[in-house]
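S.K.: I'd like to go over a predicted model; first the sequence, then the structure.
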Amino acid sequence: MDERTQARLSGNPRRFILFTVCYNSRAYYPVLAVLFTDLGLTLERFVLLNLVWAAAIFLFEVPSGALADTLGRKRLLVFSSLLMVAEMLCLLFAPRDGGMLLFGLCLANRVLSGTSEAAASGADEALAYDSLPAENRAEAWDRVLAAAMRWRSAGIIVAMIAGGLLYDPSFLNRLLPEALQIPTAVAHRLPVLLVLIQALVCVAITLRMVEPPHPHGETGTTLKRAFHVTLDAARWVFTTPRPLVIVTGGVLIDAVVRNMTTIQSEYFRLIHIPEWSFGIIGALTGALTLLVPGIARRVNRHLDTPGSLALVAAFAILMLAGLAPAWSGLGGLIPAMLLIPCISYLGFTVSRSLHAVADSSRRATVLSVKGLVFNLGYGACSLAFSTALSHARITHPEQPLPFLLTWQVPMLIIAALLFFPWAFRTWNRQECRNPDVPKGVPQP
């Protein structure tokens, strides 16, 4: 890569950080579950809609990474940003208690959201990674990834506070004069409106990105090649010992923890936390995640990947056990808050390891395979959780959610006891051939 090309690409890591902050720091996150249930959906139907979201990712994730590697990462990111605009418009105009129209718009929102996630998955990181100078690229990527996580955490802090206060304006209305009071019906749409503005910013950012040089296929054969590239990458992931350990261990932890964080606002209602504080709680959680990149970077340098995954699995099990009794106040709040850093730590570990093993020509595809597996696992967990919740409403009508939360802890413990002995044995069979690679990072 010549100096002129490298100079043009030098702004991409900064644009990647701006994009990931605007794309992921969504003001409706602290009230996600109650946003849908307050519109008129049941919690079970909301969880099932998240299965649809995961299914949309599954269907588009297959070609999206390969299309990024053939048509170009920038085009996929622009497409993803436009879909983000469309998904916000669906929520903005969804009528409260609107029957089939409400369900149809919420369904469209989940499909568009899942497709947008799939389009961005892998393409953003691959574009930024390949824009870095080839010399010491892995070390430079650690710095970019850590910076992105810190800025994303800062963005989440701002978005969480704004979203919680806007959704439940009772706190703000006590400070505002009578003429400026915010009606509740209007307040419920304000976090969505704020994210719509962020989506428009994402469109502007992605249009300014510069495509790194990499091989492109002919337009007429791109889709066919996309599936071949995806199948080849999936075959490599599932037949190579260490990538298999990374992806399998990651999805085992991610599916359960992410499902719990999705319904977190309903859990906060269960333990009698006021809605206006949801955003502040989310902001405090975001502040905790600011510490995660530094911790994750140091731990991953001293532990191999199975050890790092085992550490976060044990922590997640401990937190899930802590929130299962649904204690009111801090007893139930603290373990729920600490689940979010688990996802951040897990994301750093999985990304760092997979980037080290995938070559540039299929990096986005490998990341998309990882995204596909993660979201398939999340969708399966959502379906199981929704089905079990419906059954628990019959067998334990007074406290169906706490009953279900109690049972998911031993299930995760059993899964971990089955997985990690195999993971350590499998990992140790394949020795790193390059002594310069940080400890725990596999070689292709």
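M.R.: Received, thanks.
S.K.: Kindly provide the distance from residue 88 to residue 390.
M.R.: Applying C-beta to C-beta, to the nearest Å, the value for residue 88 to residue 390 is 30 Å. Quick note: C-beta positions are derived from backbone N, CA and C, even for glycine.
S.K.: Looking at these two, which one has more neighbours?
M.R.: residue 88 (24 against 15; other C-beta atoms under 10 Å).
S.K.: what about the more buried one, which helix or strand?
M.R.: If you go by DSSP states H and E, residue 88 is part of helix 73-92.
S.K.: Quick check: next helix or strand after that helix?
M.R.: Next helix or strand after helix 73-92 toward the C-terminus (DSSP H and E): helix 99-120.
S.K.: what angle do the longest helix belonging to the chain and helix 73-92 make?
M.R.: In terms of residue count, the longest helix belonging to the chain (DSSP state H) is helix 363-395. What separates the directions of helix 363-395 and helix 73-92 is an angle of 20 degrees, with axes from the mean of the first three to the mean of the last three C-alpha atoms, to 10 degrees.
S.K.: quick one: buried residues of helix 363-395?
M.R.: Buried residues in helix 363-395, counting neighbours by 16 or more other C-beta atoms under 10 Å, are found at 363-379, 381-386, 388-389, 392-393.
S.K.: buried set for stretch 102-115?
M.R.: For stretch 102-115, by 16+ other C-beta under 10 Å, it's 102-103, 105-115.
S.K.: could those be laid out in CSV, adding pLDDT and distance to residue 18?
M.R.: Compiled in CSV, those are given as follows (pLDDT from 0 to 100; distance: C-beta to C-beta, whole Å):
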residue, pLDDT, distance to residue 18
102, 92, 34
103, 91, 35
105, 94, 29
106, 93, 29
107, 94, 31
108, 95, 28
109, 95, 24
110, 93, 26
111, 94, 27
112, 95, 22
113, 93, 20
114, 89, 23
115, 91, 22
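S.K.: Alpha carbons only: can I get stretch 107-126 in PDB?
M.R.: The C-alpha trace of stretch 107-126 is given here as PDB (Å, rounded to 0.1, in the frame of the first residue of the first chain):
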ATOM      1  CA  LEU A 107     -42.400  -6.500  13.300                       C
ATOM      2  CA  ALA A 108     -41.100  -4.400  10.500                       C
ATOM      3  CA  ASN A 109     -38.900  -2.600  13.000                       C
ATOM      4  CA  ARG A 110     -37.300  -5.800  14.200                       C
ATOM      5  CA  VAL A 111     -36.800  -7.100  10.600                       C
ATOM      6  CA  LEU A 112     -35.200  -3.800   9.500                       C
ATOM      7  CA  SER A 113     -33.100  -3.600  12.700                       C
ATOM      8  CA  GLY A 114     -31.800  -7.200  12.300                       C
ATOM      9  CA  THR A 115     -30.900  -6.600   8.700                       C
ATOM     10  CA  SER A 116     -29.100  -3.400   9.600                       C
ATOM     11  CA  GLU A 117     -27.200  -5.200  12.300                       C
ATOM     12  CA  ALA A 118     -26.200  -7.900   9.900                       C
ATOM     13  CA  ALA A 119     -25.100  -5.400   7.200                       C
ATOM     14  CA  ALA A 120     -22.900  -3.600   9.700                       C
ATOM     15  CA  SER A 121     -21.600  -6.700  11.400                       C
ATOM     16  CA  GLY A 122     -18.000  -7.300  10.500                       C
ATOM     17  CA  ALA A 123     -17.900  -4.700   7.700                       C
ATOM     18  CA  ASP A 124     -17.200  -1.800  10.100                       C
ATOM     19  CA  GLU A 125     -14.400  -3.500  11.900                       C
ATOM     20  CA  ALA A 126     -12.900  -5.000   8.700                       C
END
